[in-house]
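J.: based on what follows, work out the 3D shape:
(4 chains)
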Amino acid sequence: MNPTPYLVLATILFTLGGAGVLLRRNALIAFMSVELMLNAANLAFVTFARMHGNIDGQIVAFFVMVIAAAEVVVGLAIIVMIFRTRRSASVDDASLLKL
Amino acid sequence: MTFPWLTTLIAVPALGAVLTALVPQGRSRLAKQVALAFAILTLGFAVAVIAQFDLGGDRFQLTEQNEWISALGIYWALGVDGIGVALVGLTAVATPIVALAMWPEAEESKRDPKVYFALLLAVEALTITAFVAKDLLLFYIVFEAMLIPLYFMIGMYGGPQRRYAALKFLLYNLFGGLVMLAAVIGVYAESADAGQASFLLADLMALDIPVETQRWLFLGFMLAFAIKAPLWPFHTWLPDAAAEATPSNAAFLSGVADKVGTFGMIALAVPLFPQAAEDFAPVIVALAVISIIYGALLAIGQTDMKRLIGYTSISHFGFIVLGIFALTDRGMTGSTFYMINHGLSTIALFVIVGFMISRRQSRLIADYGGIQKPAPKLAGAFLIAGLSGLALPPLATFLSEFLVIVGTFEEYRAAAVVATLGIVLAALYILWLYQRTMTGPVGEENADTRDLGLRETIVVAPLLALILAVGVFPRTVVDVIDEGVGPTLSDVGVEAPDPLVSVTDQAAEGDEE
Amino acid sequence: MTLTNVVTLGLAAQTEGAQEVHEASGLISTTWLLIALPLLGAAVLLLGGRRLDRSGHLIGCAAVIGAFAWAVVLFVDMLSHDAHERAFSVPLWEWFNAGGYEVRLDLLLDQLSIAFVLLITGVGSLIHVYSIGYMEHDERRRRFFGYLNLFVAAMLLLVLAADYLVLFIGWEGVGLASYLLIGFWQYKPSAAIAAKKAFVVNRVGDMGMVLALASMLVVFGSTSFEIVFAGADGAQTGWLNTIGLLLLLAACGKSAQFPLQSWLLDAMEGPTPVSALIHAATMVTAGVYLVVRSAAIYDLAPEARTAVILVGTITLLMGAIIGCAKDDIKKALAGSTMSQIGYMMLAAGLGPAGYAFAIFHLITHGFFKANLFLGAGSVMHGMNDEVNMRRFGALRSAMPATFLTFAVGYLAIIGIPPFAGFFSKDRIIEAAFGDNVLIGLCAMIGAGVTAFYMTRVMLLTFFTSKRWEDDAHPHESPRVMTWPLWALGFLSVAGGLGLLYIGGGIVDWLEPVTGEEHHDLPLPVAVLIALTMTVVVLGAGVAWFMYQRRPVPVQAPAGNPLTVAARKDLYGDAFNEAVLMRPGQYLTRSLVYVENRGVDGAVIGAATAVGGLSARWRRWQTGFVRSYALTMLAGAGLIVVAMLLVRVP
Amino acid sequence: MPMIIVLSAGVIGVLVEAFMPRRYRHVTQVALALVAFVAAFVQILRLAGETELIAVSGSVAIDGPALFLQGAIVVLAFVSVLFFAERKIEAGGNAFAPSASSLPGSEEERILVRDRVLQTEVYPLTMFSVGGMMLFPAANDLLVMFIALEVLSLPLYLLCGMARRRRLLSQEAALKYFLLGAFASAFFLFGAAFVYGYAGSVRLSEIDAALTARVGQEGLLLAGVGLMAVGLLFKIGAVPFHAWTPDVYQGAPTQVTGFMAACTKLAAFGALLRLFYVALGGLRTDWQPMMWAVAIATMVVGIVVALTQTDVKRMLAYSSIAHAGFILTAFVAVDELALSSILFYLATYGIMTLGAFAVVTLVRDAGGEATHLSKWAGLGKRSPILAATFGLFLLAMAGIPLTSGFVGKLTVFNAAFQGGAMPLVIVGVLTSAVAAFFYVRVIVLMFFSEPAAEGPTVAVPSPWTTVGIAVGAAATIVLGILPGPLLDLAENAAVFIR
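T.: Predicted coordinates for the structure are as follows:
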């Protein structure tokens, strides 16, 4: 199989995720973008697993999903905490720490 | 196993520092007494060490060598040659005198005096270690570590601008030291390449380092030493430190501690990198001559007494460096001798100026005048110290300055001629200072100036006596120093030149006929 | 090789009968006592404190008189040796040995040094005694005597040293004593400044000394007389000329010769006995001693010798001219001293033909100039320390003793036979003619000018009309002051004849050290003497016409340009100020500026620049998480690009 | 396995949290943590005696560097927990918000404070994080490395947000750290995918083998390595991935900052070393230029920006960035000397950083810790011993001889020099000289300035904290004077199993 299209897709997804982090103010959406990046990596892993004909990549993908779930838990906790305090989920509002 | 004299010599002031620091708060008198006692005890041990130094014996004596950090090839290796033993003597003599001179200083700064005295002893221990270290890293460690207590002494007890002065002192020296660290590592890497990674000086001197590498490493070392010494244009920290530190601290700093820089040139920079030393000698000689003249001219232009003396030190350090890098026997012997004498005379000048400041609370020359009348002893002591500053024979400073000029003249005629201008300028800055402070009509505010008290006399008298005695009977000191200089120069491959006309040859020929 | 061996004192090349130096034995080996006595005196007086205030002057005098007595004993002992075996080395201790450069603190007692020793201690003793009276009312008299003793000790070390470096100790020692004594009245700013000036100008000369020593070391490997003199023969003329010129520079400093003459006139700020002893009779002649002592070098260094002659000639004229215009009696005498030392210098520059005459004149000058200065001091003592001759006049009756002795000194200095100055000065003029007619003429003109200014001093002080301040009550000085005057007056009368003719005279006495040489004179001696006398009488006559025949104004008249110039020391100070001091001050000031703004500023500037960088980079930390992410993304991009493109070759 | 002990303790801690009555929770948690660390340390010592092994079917390498770093992490974590457990300096509480979920300034929070409710969740979180940290340098394949990365990071994100005072800042720090951390780990993962694509395996040794064999697409590999480097460099705080460091260090509870600064750096460098030395050593000519650039940028930016900091925690943050740069100078040498010097440096750095932050916790005013530098003026007069201790840590960070910092600097610069990175050494010493300025400036403030009228007070801590700081100070001096044993240990440990 030719992995290139998959890799291109993965890269596009990764870039989209990165762009999302940079462009979106809402913490939740920024966070979702990060998850998108992880999934782009997953896609790459699975693609390569397929290419190499071993299952290492697929195992990794599974683990990543689990970890992403854990990350969601932690991330949501933090974002919710911030939201409750500030009544805002904008990452730009949280800019007291600087210089 | 023989008695570890040198380790003891280091341990005594170190212990003294700790004990002084441990004296309970508020019992400052006790702390001072403890410190003074340990300083004198150290002097005793130093005398014992000097007495054991065997003229004509091995180059390095009383050697000790123990592994310290074996993983890096670092040793607790000590030993003295003629140069080292002379400087150890200077340090040991200077410390009790300075300690006594600084007796009331700490109170004036309204801070706990015990710290001040403990730091002084700590510096003494580190300075002595530097003079006897036979391991490059050991030397480096104390070279750098010494900055910290000195920094605190300046910064905590000095004058109004002390923070600035202390910071400047530290940063300059640290900068040089860190650049030197790179060079130290470079030397070490060379020794690692040669098979046995070691910081032991004996091992390092046996290395055959390529000339190109030597040059870089030499520059790294010299930067540190030139800042410490201090050589133009790396000198600007010294006037500030001298002006802002307490007088006795300034005395110890420029009189003793800074000698580690020039000692490093003789004991490390030159023998480790002989080829590079020869290559760069003309440049350094030029800088030294600039230092001599520049320091002297600036001293003339000062309005602050301590700053003035600071600049005179720059001029004198110029002479010391000049003598070293003339790379002649007389020059180097003269330089080492100069270090001792400059130590004594600068300490004398600083402490006497300190006494004046303690009476009038001003460092400005303009605030004084006619002191000679109410305080003739003070003026007399000041004059003698000043005369030793301008190298008047038979005071000890004369001989060293003369040897430096003579030694330089052998190799660098022009440099020696220009350096000789320094003796005119020295007369000008010292005597003008004397004229402005001590002579002339005495103003109302100075009319009641106290003359030297007992403590002050005890501080000053031995210094002046030593300067005179060493000047009249310099033979032993010069022999001891010469003993260390000879091998150092033969490391570089320099031999004393024969005179153009040799009378003994003629006489011999005459006999044959 | 040390002095303990018997070696030739190197004049072998040019003079016959070079004498050998013997190790001293017996009495001579106690030569060190000469120095030790006054040194001890100085130490006791200076360290002894107030309790010696009442007896200090006696201790001081005793030390010097003791040294004088001992010198006489040694002199007599020397006489018992053969004429060519009167050079003795007196070993003391090895001073140091640095890298093969060995200096021994040894003394050399020979015909030359004993002559100086006798002069120094003899005149010194008289001046010490005189000072008892002169300084009677000074509360710091003890200290004064301490300094005087210190001076005598240093001066003796200077003339007894057997090594240039040891000589240099004495050299600087007398400089110190001179500094202390010029500035003795420290509360007077002018005195303090004059003292400093003297020391600093001398230091310029010392540069020459130090470099001469350095050159000797390069050439001979030693600075001891014996090795240097013995080796001079084999050295390159270039080196010898260099050494000679450098020594001349040193001599110029100490002996106030052109171009380092400027300090001497200011040095008159010191008490008058000091002016007499140090700045007339002894210390200022040290330069002449140095040149004569270095005969072995100068003999082989023609250019250096020419320079010595030139310096001597210029100074003798300069000093004389300055002496003509000064109204301050001490300054007039100081100008005269410069001028007379110029004569000695000139003689010394003539080589073996003149060395002995230089010393001869030096000694007679020591007598009569000390006499004149002490006389001036006596006048001042009686005139409330007035020094302006325009405020003197007709003092001969008020101070008969002073007048008589001063008159003897006057006749001696202008060279009227048979007074001392006639013999010595005339010999120099002859020798100068023997060398070069032009130089000879200059020397002769100098003699005329000398006669002019000395007559002027004489007339303004003791003759003409009273021009005293209202509160002046001139009186003769106490005996303790007049006795030394009589003694010196006697020496001024008889010194010349005595030295010239008793026991073969000083020329023969010195011959083993200085050598001897005669030039053919362009004119017969008698003609020369007659010419000289004519010039002298002419000079004196002019002065008589100018000052005795006309009233002397109390305020100095404007005078002609030459007078104005002479009053200003022929612009020596102005020159120094314009060429050295002003630029020096400017240099110092600008260097302070450069130091603070440039050298230090560069460092501080660099620090400030880093600080500015820091403040700017700090703003990258905006606090916005998205901008952090952006830098990360950019960084990641850079890293990936770097990974793809760059690799270690 | 020491990691299992620590992670199990974490699990037990969660159970304690769930079932233990509130009153006993704190003491139980602390004891549990400490005991677990001691047990883990003993286990590490036991393992150190045995031959190196690769466990968990090749995914975890228990070799010298791993054990050395694990040991160091456990020791530092032990001390950190002592600091976490400090209850005296905050009247009736520790450094953490009684309940992280309570609103700052709300009634709920006030009641919790009044009731002296103690936050105990931090301990299990710490245990998990430490477990991740221990796993990180031991990870022998990319998957485990990623897992370890996340396990150590996720609890830390939470810990950062739990400050008792200045909760807004604390929460902001947590958010920033979390977002950027997740962002960085995405890079790591994406890079790992590429490397996997190149090598066909996530096992480090097999990646190494694939490099030797030169199969696959070079570009894929290089891009992958670059992206992975981003993830790891982020963790060590290297420029340009350092931006989070000052903000998070400042916002997080100071005890957590100390813990994080010390332990995370150790773990991350361990992973960085293993990845680049074991798996990518064959590719060094490709990544060395990049690392050179990063090292220089890290030293320069870290130190230059630190110069003008006014907050002591931020200043220490930039200092930690600079130290990462110093370590990177040796890192590029890729030999055993470099490895051992980095191990030594990390250990000494960890000690002094932990100690310095602990001192910061003690200087307080009405609003909690007084971290603004101006408030530290004259501290030397008010509390000479505390100031002297802080001064010591600062001097050690500046690399003054007779402190451990000097030996560390000496060894890393030596390794760099001998590894041919002389320019890096020169940049290193020059920046060190500049660095001295801001370290010393604090000393100037403390000792040479007059105390401000309403300056901060110095809290008297419990013996635990005192002991912790004292031990840190002592270690800093002892390792400066007699670093021999630790150096030997590092040298012996400096071999990766492949």
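J.: residue B:324 is in contact with residue B:268, isn't it?
T.: No - in this structure, residue B:324 sits apart from residue B:268 without contact. The criterion is CB atoms under 8 Å, and the distance is 11.5 Å. (C-beta placed from N, C-alpha, C; glycine too.)
J.: these two - which one has more neighbours?
T.: residue B:324 (34 against 27; other CB atoms under 10 Å in any protein chain shown).
J.: how much space between the more buried one and residue B:263?
T.: Using CB to CB, to the nearest Å, we find residue B:324 at a distance of 10 Å from residue B:263.
J.: is chain C contacted by stretch B:416-430?
T.: Yes - Stretch B:416-430 comes into contact with chain C when judged by CB under 8 Å from any CB of the partner chain, the residues involved being B:416-417, B:420-421, B:423-424, B:426-428.
J.: nearest to chain D: which residue in the stretch 301-450 of chain B?
T.: Nearest residue of the stretch 301-450 of chain B to chain D, counting by CB to the nearest CB: residue B:306, 18.7 Å away.
J.: skipping adjacent residues, who's closest to residue B:296 in space?
T.: residue B:425 (3.5 Å; CB to CB, 6 or more residues apart in numbering or on different chains).
J.: could you confirm residue C:450 falls within a helix?
T.: Yes - counting by DSSP: H, G, I helix; E, B strand; the rest coil, residue C:450 is found in a helix.
J.: how about low-confidence regions in chain C?
T.: For chain C, applying pLDDT under 70 flags the ranges C:1-18, C:503-504, C:649.
J.: repeat for chain D
T.: Under the criterion pLDDT under 70, the flagged ranges of chain D are D:51-52, D:56, D:91-92, D:215.
J.: spell out which residues of it are next to chain B.
T.: Checking chain D against chain B by CB under 8 Å from any CB, the hits are D:395, D:398-402, D:406-407, D:409-411, D:413-414, D:417-418, D:422, D:425-426, D:428-430, D:432-433, D:436-437, D:440-441, D:444, D:447-449, D:482-484, D:487-488, D:491.
J.: now, those that are in helices?
T.: Residues of the residues of chain D next to chain B located in helices (DSSP state H): D:395, D:398, D:406-407, D:409-411, D:413-414, D:417-418, D:422, D:425-426, D:428-430, D:432-433, D:436-437, D:440-441, D:484, D:487-488, D:491.
J.: give me the subset of those residues that also touch chain A.
T.: Counting by CB under 8 Å from any CB, no member of those is near chain A.
J.: Produce a ChimeraX select command limited to the buried residues of those residues.
T.: With 16 or more other CB atoms under 10 Å in any protein chain shown as the criterion, this ChimeraX line picks the buried residues out of those:
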select /D:395,398,406,407,409,410,411,413,414,417,418,422,425,426,428,429,430,432,433,436,437,440,441,484,487,491
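J.: element containing the residue nearest to residue B:296?
T.: In this structure, residue B:425 sits in helix B:413-438 according to DSSP states H and E.
J.: identify the residues contacting the residue of the stretch 1-150 of chain C found nearest chain B.
T.: For the stretch 1-150 of chain C, the residue positioned closest to chain B under CB to the nearest CB is residue C:99, at a distance of 3.0 Å. With contacts defined as CB atoms under 8 Å, 6 or more residues apart in numbering or on different chains, the neighbours of residue C:99 are B:328-330, B:333, B:407, B:482, B:485-486, B:496.
J.: for residue B:285, the count of nearby residues, please.
T.: Around residue B:285 sit 25 other residues, with neighbours defined as other CB under 10 Å.
J.: tell me how far the residue of the stretch 301-450 of chain B closest to chain D lies from residue B:250.
T.: Spatial separation of residue B:306 from residue B:250 under the definition CB to CB is 6 Å.
J.: the stretch 301-450 of chain D: strands as residue ranges?
T.: D:363-365, D:368-369 (DSSP state E, counting those that start in this stretch).
J.: roughly how far out does the helix holding residue B:425 sit from the chain middle?
T.: Remark: helix B:413-438 is offset 20 Å from the chain centroid, using CA atoms, centre = their mean, to the nearest Å.
J.: with stretch C:523-530 instead?
T.: Here the centre of stretch C:523-530 is set off from its chain's centre by 33 Å, with CA atoms, centre = their mean.
J.: do stretch D:422-436 as well
T.: That offset, for stretch D:422-436, works out to 22 Å (CA atoms, centre = their mean).
J.: stretch B:48-66 too?
T.: 21 Å.
J.: list the contacts for the closest residue to chain C within the stretch 1-150 of chain D?
T.: Scanning the stretch 1-150 of chain D for the residue nearest chain C gives residue D:149, at 15.7 Å (criterion: CB to the nearest CB). Contacts were defined as CB under 8 Å, 6+ apart; by that measure residue D:149 touches D:132, D:136, D:185, D:188, D:231, D:235, D:271.
J.: could I get those as TSV with secondary structure, neighbour count and distance to chain A?
T.: Output for the contacts of residue D:149, formatted as TSV (DSSP: H, G, I helix; E, B strand; the rest coil; neighbours: other CB atoms under 10 Å in any protein chain shown; distance: CB to the nearest CB, whole Å):
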residue	secondary structure	neighbour count	distance to chain A
D:132	helix	27	11
D:136	helix	34	14
D:185	helix	28	8
D:188	helix	26	9
D:231	helix	28	11
D:235	helix	25	15
D:271	helix	30	16
